[in-house]
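Peer 1: Prediction below, plus the sequence it came from.
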Amino acid sequence: MHRTNSTPPTYSGPVRLGPHARAALRPAVAGIDAGFWHDRREVNAQTSLPQGPGLLESAGNLHNLRLAAGTAEGEFRGSYPFVDTDVYKWLEAASWQLADEAEGDLAAHVDHITGLVAAAQQPDGYLNTWFQLVKGGERYKDLRWGHELYCAGHLIQAAVAHHRSTGRPELLDVARRFADHIDSVFGPPGSGRPIDGIDGHPEVETALVELYRETGERRYLDLAAYFVDRYGHGLLGGEAYCQDRVPVREATNVEGHAVRQLYLLAAVTDLATEAGDGELRAAAERLWYAMTATKTHLTGGLGAHHDQEDFGDPYELPNERAYCETCAAIASVQWSWRMALLTGEARYSDLIERTLYNGFLAGVSLDGERWLYVNPLQVRDGHTDPGGDQSARRTRWFRCACCPPNVMRLLASLPHYLATTDDDGLQVHQYVTGRYSGDGVTVRCATDYPWHGTLAFTVEETPADRPWTLSLRVPRWCQDVRVRCGEEAYDGPVTDGWLRLRRTWAAGDRVVLELALESRLTVADPRVDAVRGCVAIERGPLVYCLEQADHPGGGLDDIVVDTTRPLAVKHRPDLLGGVTTVVAAGHRRAAPQPGWWPYTPYTQHTQHTQHSQHTPRAPHTPAQTQEEPVELTAVPYYAWANREDGSMRVWLPTS
């Protein structure tokens with residue numbers, strides 16, 4: 001693939017606002033040159049993405065496309081009607097990567113698979129290998145489970161990515177033909193279209209908004225608006241699972257399948273942005289607040305239930321049974337970014353940071369070859385793993401392989417989520433070593449974040465005749481921030497999460513931001529029953545956990561942390577690719593005497609543990625023995641499950 005032979009892309013990123021969007025901020029151009037996220041993206045580019053075509057081949061996804069095109073023989077392979085989406089998400093990821101490397105093996109694979117997709121498309125634009133091959137061409141008869149529009153959405157997003165990164169039209173032409181077909185089939189009563197319906201898995205809505213942004217075709221935006229407003233009207237049986245219980249404009253809390261809910265809300269925010277719909281904006285703000293206040297794990301993970309992959313009740317945030325699907329973390333980032341653009345508020349990028357470093361990044365192994373579909377906050381001693389997609393052990397691939405290519409596409413497009421511009425200047429949302437550019441301004445950052453809190457910014461390009469504002473996000477977790485502009489200390493206020501530095505800048509001007517990365521103990525709202533009486537260890541944006549591998553001589557279920565002792569930091573270049581660990585004091589509770597009943601009356605238990613050893617013990621109360629002091633080594637949560645299998649926990653009981 002030679003980009004020089006085609007129209008150069010004007011912008012490469014998942015969200016490109018329309019010319020009339022009512023948004024506070026617009027995405028800026030950013031690049032990552034070194035450091036933490038550069039290393040993770042290199043693994044993605046050098047290991048994860050190149051493995052994609054082979055894994056899609058072995059799983060049968062590419063075989064199905066050949067069958068649909070009539071160029072191969074055999075049976076459909078795969079367990080689900082939406083296996084095409086794995087191909088499309090990989091194509092999207094690879095297309096974003098092509099913005100960095102326009103030629104080579106990856107480009108050749110993209111060309112080849114794009115050809116397979118185009119050949120499988122039917123003359124009227126329809127494309128879904130499950131229905132073409134297994135269901136005899138029967139279309140849109142099972143909108144709840146068939147996922148035809150969901151598949152179309154991922155195809156559209158892949159096509160937009162390919163067009164923005166390469167300037168080439170081949171995949172975009174396929175996506176437009178499919179979108180035009182959908183537009184001819186779906187519409188409200190009285191529209192003259194045969195089907196008034198919605199997909200059981202929202203996705204196509206936000207993709208249609210982006211297709212409108214890419215092509216300028218207003219009917220794609222109108223189609224997205226139609227789909228969004230038809231959820232909650234009983235077209236899918238009125239179930240919360242597929243977002244059909246309450247219209248989004250009336251909803252007061254997130255519910256049902258977490259990924260479906262978040263994809264729908266990303267589209268809600270897109271529509272509020274492009275159409276200036278104040279009611280949709282109010283719904284998005286209301287639901288984001290409800291989600292973060294009552295249904296978000298410390299890691300940014302979302303989803304309490306394995307059953308139906310859904311949110312659960314407010315403050316229902318279990319540890320070992322937490323679902324926290326990797327795709328839900330990705331969807332959370334996508335939605336929060338759209339909210340940040342719409343409102344300009346820093347809180348949304350605070351959640352993005354937390355989710356990226358923890359709930360999202362845990363989904364892929366350090367070597368880029370193994371994955372987690374679910375991301376629990378505890379694995380108990382002696383855990384018996386069921387295997388499959390819901391395993392707490394890293395897996396090479398899944399029957400429902402939505403998460404791996406989803407991780408690939410977020411890592412490949414990560415520079416898009418770093419910075420924005422507005423009429424007043426440049427805003428830096430996420431901190432990396434690299435450059436941030438927009439509207440004639442370029443600022444370079446050098447940092448070893450998240451291990452150290454020093455961020456050194458140098459202005460490289462700037463207008464010489466007008467002032468502008470450099471806005472730096474101060475994370476919510478940071479309690480001590482210091483700034484120097486050149487040699488002078490700056491003591492201006494942090495307002496709504498932003499430190500705003502306004503002046504007429506000159507090339508070479510420097511700003512140094514110091515964020516204090518103190519290790520800290522965190523407690524949850526007491527309504528979170530699962531972790532009452534526990535603390536978690538955090539440092540900067542990172543959530544930490546204990547792993548059995550660092551605590552030989554026993555498991556973790558009997559570990560108790562001593563909150564009266566200070567936390568210490570150790571830099572470990574030899575461990576897990578190079579991490580900073582946090583060391584705490586604690587003890588291991590000795591096992592009680594064997595007994596058939598594990599519960600003790602509270603008064604008798606406290607008398608026994610707090611009084612002398614001569615205090616009489618109630619019958620059948622387990623005898624206590626000495627507690628063993630132990631040094632606790634906490635590692636970043638994103639790096640867990642990269643060594644031998646064993647127990648793990650984020651929340652630690654206190655002594």
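Peer 2: Perfect, thanks for sending it. Residues are numbered from 1 along each chain as shown.

Peer 1: Could you point out the helix or strand that follows the helix or strand harbouring Trp337?
Peer 2: Using DSSP states H and E, Trp337 falls within helix 326-343. Using DSSP H and E, the helix or strand that follows helix 326-343 in sequence is helix 347-354.

Peer 1: where do the helices sit along the stretch 51-200 of the chain?
Peer 2: For the stretch 51-200 of the chain, the helices defined by DSSP state H, counting those that start in this stretch cover 61-69, 84-98, 105-120, 129-133, 143-146, 148-166, 170-185.

Peer 1: Give the next helix or strand downstream of the last one.
Peer 2: To tie it back to what came earlier, the one meant is helix 170-185. helix 204-215.

Peer 1: buried sites along the helix or strand following that following helix?
Peer 2: Scanning forward in sequence from helix 204-215 by DSSP H and E, the next helix or strand is helix 218-230. Within helix 218-230, the residues that count as buried by 16 or more other Cβ atoms under 10 Å are 220-221, 223-230. From N, CA and C alone the C-beta is placed, and that goes for glycine too.

Peer 1: cool, stretch 363-371 as well?
Peer 2: 363-366, 368, 370-371.

Peer 1: So which of the buried residues of helix 218-230 is the closest to Pro376?
Peer 2: For the buried residues of helix 218-230, the minimum distance to Pro376 (Cβ to Cβ) is 32.3 Å, reached by Val228.

Peer 1: give me every residue that touches that closest one.
Peer 2: Neighbouring residues of Val228 by Cβ atoms under 8 Å, 6 or more residues apart in numbering: 205, 248, 264, 267-268, 271, 280.

Peer 1: pretty sure Tyr80 contacts Cys400?
Peer 2: Yes. Counting by Cβ atoms under 8 Å, Tyr80 touches Cys400, with 6.0 Å between them.

Peer 1: sorry, back to before: do you know which of the helices of the stretch 51-200 of the chain lies nearest Pro601?
Peer 2: Comparison of these against Pro601 by Cβ to Cβ identifies helix 143-146 as nearest, at 50.8 Å.

Peer 1: What is the neighbour count of the nearest residue to Gly300 once chain neighbours are set aside?
Peer 2: Excluding its sequence neighbours, the residue lying closest to Gly300 (Cβ to Cβ, 6 or more residues apart in numbering) is Thr355, at 3.2 Å. Number of residues near Thr355 (other Cβ atoms under 10 Å) recorded here: 25.

Peer 1: Report pLDDT for Thr355.
Peer 2: For Thr355, the pLDDT comes out at 98.

Peer 1: Provide a list of residues in contact with it.
Peer 2: Thr355 neighbours (Cβ under 8 Å, 6+ apart): 299-301, 329, 332-333, 336.

Peer 1: make it 6 Å
Peer 2: Shown in contact with Thr355 (Cβ atoms under 6 Å, 6 or more residues apart in numbering): 300, 329, 332-333.

Peer 1: Over to Pro653?
Peer 2: Contacts of Pro653 by Cβ under 6 Å, 6+ apart are 534, 560.

Peer 1: Which strand or helix spans it?
Peer 2: With DSSP H and E as criterion, Pro653 is part of strand 652-653.

Peer 1: Could you do Leu17 as well?
Peer 2: With DSSP H and E as criterion, Leu17 is part of no helix or strand.

Peer 1: For it, what are phi and psi?
Peer 2: phi -70, psi 150 (degrees, to the nearest 10).

Peer 1: just Asp310 next, same as before
Peer 2: Taking degrees, to the nearest 10 as the convention, Asp310 sits at phi -110, psi 180.

Peer 1: Which SSE is immediately downstream of the helix or strand of the chain with the lowest mean pLDDT?
Peer 2: The least trusted helix or strand in the chain, going by mean pLDDT, DSSP states H and E, turns out to be helix 602-610, with a mean of 50. Following helix 602-610 in sequence order, the next helix or strand is strand 628-636 (DSSP H and E).

Peer 1: Could I get the buried residue list for that next one?
Peer 2: 630, 632-636.

Peer 1: Including pLDDT and distance to Glu103, could those residues go into TSV?
Peer 2: As requested, the buried residues of strand 628-636 are exported to TSV (pLDDT from 0 to 100; distance: Cβ to Cβ, whole Å):
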residue	pLDDT	distance to Glu103
Val630	92	54
Leu632	96	49
Thr633	97	45
Ala634	98	44
Val635	98	39
Pro636	98	35
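
Peer 1: right, and out of those residues, which lies closest to Asp448?
Peer 2: Comparing the buried residues of strand 628-636 against Asp448 with Cβ to Cβ places Pro636 closest, at 14.5 Å.

Peer 1: just to revisit the earlier point, closest to Gly256 out of the helices of the stretch 51-200 of the chain?
Peer 2: Using Cβ to Cβ, those put helix 143-146 closest to Gly256, at 12.7 Å.

Peer 1: Report the rounded mean pLDDT for that closest one.
Peer 2: On average, helix 143-146 scores 96.

Peer 1: cool, stretch 320-337 as well?
Peer 2: On average, stretch 320-337 scores 96.

Peer 1: With only the CA atoms kept, save it in PDB.
Peer 2: Taking C-alpha atoms only, stretch 320-337 is exported to PDB below (Å, rounded to 0.1, in the frame of the first residue of the first chain):
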ATOM      1  CA  GLU A 320     -13.900 -12.400  42.400                       C
ATOM      2  CA  ARG A 321     -17.100 -12.400  40.400                       C
ATOM      3  CA  ALA A 322     -16.600  -9.000  38.800                       C
ATOM      4  CA  TYR A 323     -17.100  -9.300  35.100                       C
ATOM      5  CA  CYS A 324     -15.400  -6.100  33.900                       C
ATOM      6  CA  GLU A 325     -15.200  -7.300  30.300                       C
ATOM      7  CA  THR A 326     -12.300  -5.800  28.400                       C
ATOM      8  CA  CYS A 327     -14.700  -4.600  25.700                       C
ATOM      9  CA  ALA A 328     -16.600  -2.600  28.300                       C
ATOM     10  CA  ALA A 329     -13.500  -0.800  29.300                       C
ATOM     11  CA  ILE A 330     -12.800   0.100  25.700                       C
ATOM     12  CA  ALA A 331     -16.400   1.300  25.200                       C
ATOM     13  CA  SER A 332     -16.100   3.400  28.400                       C
ATOM     14  CA  VAL A 333     -13.000   5.100  26.900                       C
ATOM     15  CA  GLN A 334     -14.900   5.800  23.600                       C
ATOM     16  CA  TRP A 335     -17.900   7.200  25.400                       C
ATOM     17  CA  SER A 336     -16.000   9.300  27.900                       C
ATOM     18  CA  TRP A 337     -13.800  10.800  25.100                       C
END
